[in-house]
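Colleague: coordinates for the following, if possible.
(one chain, ligands or ions: 2)
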Amino acid sequence: MSIISVKEVYKRYQLGRENFVHALRGATMQVEKGEMLAIMGPSGSGKSTVMHLMGCLDRPDRGEVWLADRRVDTLPHGELTGIRGKEVGFIFQGFNLIPTLTAVENVALAAEYAGASRGKARERAEDVLKEVSLADRMGHKPGELSGGQQQRVAIARALINEPSVVLGDEPTGDLDTESSREIIGLMKSINERQGTTFVLVTHNPEIGDACHRTVLMLDGAVSEG
Ligand SMILES: Nc1ncnc2c1ncn2[C@@H]1O[C@H](COP(=O)(O)OP(=O)(O)OP(=O)(O)O)[C@@H](O)[C@H]1O
Ligand SMILES: [Mg+2]
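Modeller: Ligands and ions are numbered 1, 2, ... in the order given. Model (predicted):
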């Protein structure tokens, strides 16, 4: 079963009065449940744009976006926000943690946003941080953690609401080779243990190697995969 289906999507950005950038020109791709998929391709080929559509962060100008059996590109804004919070987890290149909160507070906050009580959110955050081997760093703030550890916290945050899919835009882009390998290994083991679907936009060939499949984008469309 496809957990995400993007059908013939177009997206353009307006720069000047008559000046448009065509970020997507008829891109089509499917993500299967339980799969780890890499999206690769040159800078500007539309990778982040297509990932934003998958994550309900934005809508296409034309075409369709489906999450499992639900068409999402036509849903009103409020419903999209709800789906995003519960069904999709995000990991970013720059980690995007709140610097004044500890690791466990950063992770728990995502569960509170999704409606969990403060106590339950904290309990669950501690469990997920143990799963990413950060049991001994829960009380540290992001500035007191290495890049690899910060990305582990971000992965824990992405997983806390048990999303059906985790979307990562250059998740190893700010990491050195060793931390990058650790993070790839962690995502792979989560995928194998829990069946979480991962879609990873990347320039890192090691992510491509670790994934089940790679889709190659070129000029706003899929050229291979
Ligand atoms: N908010 C925006 N406003 C205007 N143009 C944009 C915007 N976002 C993206 N674009 C343009 O759309 C095209 C596709 O951008 P996108 O970010 O999807 O590429 P990408 O494949 O993720 O590239 P990179 O590998 O550099 O991250 C690019 O030409 C980019 O400049
Ligand atoms: Mg990008």
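Colleague: just checking, residue 72 touches residue 65?
Modeller: Yes - assessed by C-beta atoms under 8 Å, residue 72 is found in contact with residue 65 at 5.3 Å. From N, CA and C alone the C-beta is placed, and that goes for glycine too.
Colleague: would you list the phi and psi of residue 129?
Modeller: For residue 129, the backbone dihedrals (degrees, to the nearest 10) come out as phi -70, psi -30.
Colleague: tell me how far it lies from residue 220.
Modeller: Using C-beta to C-beta, to the nearest Å, we find residue 129 at a distance of 39 Å from residue 220.
Colleague: and for the lengthiest helix in the chain, what are the contacting residues?
Modeller: In the chain, assigned by DSSP state H, the helix with the most residues is helix 177-194. The set of residues that contact helix 177-194 without belonging to it, under C-beta atoms under 8 Å, 6 or more residues apart in numbering, is 34, 36, 131-133, 146-148, 151-152, 155, 159, 166, 168, 171-172, 175, 196-198, 200, 204, 206-207, 210.
Colleague: pull out the buried residues from it.
Modeller: Along helix 177-194, the positions that meet the burial threshold by neighbour count (16 or more other C-beta atoms under 10 Å) are 179-184, 186-188, 190-191.
Colleague: which of the residues you listed are close to ligand 1?
Modeller: Counting by C-beta under 6 Å from any ligand atom, the subset of the buried residues of helix 177-194 that neighbours ligand 1 is empty.
Colleague: can you put these in JSON lines and add distance to residue 104?
Modeller: Supplementary listing: those in JSON lines, determined by distance: C-beta to C-beta, whole Å:
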{"residue": "179", "distance to residue 104": "21"}
{"residue": "180", "distance to residue 104": "24"}
{"residue": "181", "distance to residue 104": "25"}
{"residue": "182", "distance to residue 104": "20"}
{"residue": "183", "distance to residue 104": "19"}
{"residue": "184", "distance to residue 104": "24"}
{"residue": "186", "distance to residue 104": "18"}
{"residue": "187", "distance to residue 104": "21"}
{"residue": "188", "distance to residue 104": "24"}
{"residue": "190", "distance to residue 104": "19"}
{"residue": "191", "distance to residue 104": "24"}
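Colleague: can you give me the strands in the protein?
Modeller: In the chain, strands defined by DSSP state E lie at 2-14, 20-32, 36-40, 62-67, 70-71, 88-92, 165-169, 197-201, 213-218, 221-224, listed in chain order.
Colleague: send me the lowest-mean-pLDDT helix or strand in the chain as PDB with only the CA atoms.
Modeller: Taking mean pLDDT, DSSP states H and E as the measure, the helix or strand of the chain with the lowest value is helix 77-87, at a mean of 85. Included here for helix 77-87 are C-alpha records, laid out as PDB according to Å, rounded to 0.1, in the frame of the first residue of the first chain:
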ATOM      1  CA  HIS A  77      -5.800  24.700   6.500                       C
ATOM      2  CA  GLY A  78      -6.900  23.600  10.000                       C
ATOM      3  CA  GLU A  79      -7.200  20.000   9.000                       C
ATOM      4  CA  LEU A  80      -3.800  20.000   7.400                       C
ATOM      5  CA  THR A  81      -2.300  21.300  10.600                       C
ATOM      6  CA  GLY A  82      -3.900  18.400  12.500                       C
ATOM      7  CA  ILE A  83      -2.700  15.800  10.100                       C
ATOM      8  CA  ARG A  84       0.800  17.300  10.200                       C
ATOM      9  CA  GLY A  85       0.900  17.100  14.000                       C
ATOM     10  CA  LYS A  86      -0.200  13.500  14.300                       C
ATOM     11  CA  GLU A  87       0.800  11.600  11.100                       C
END
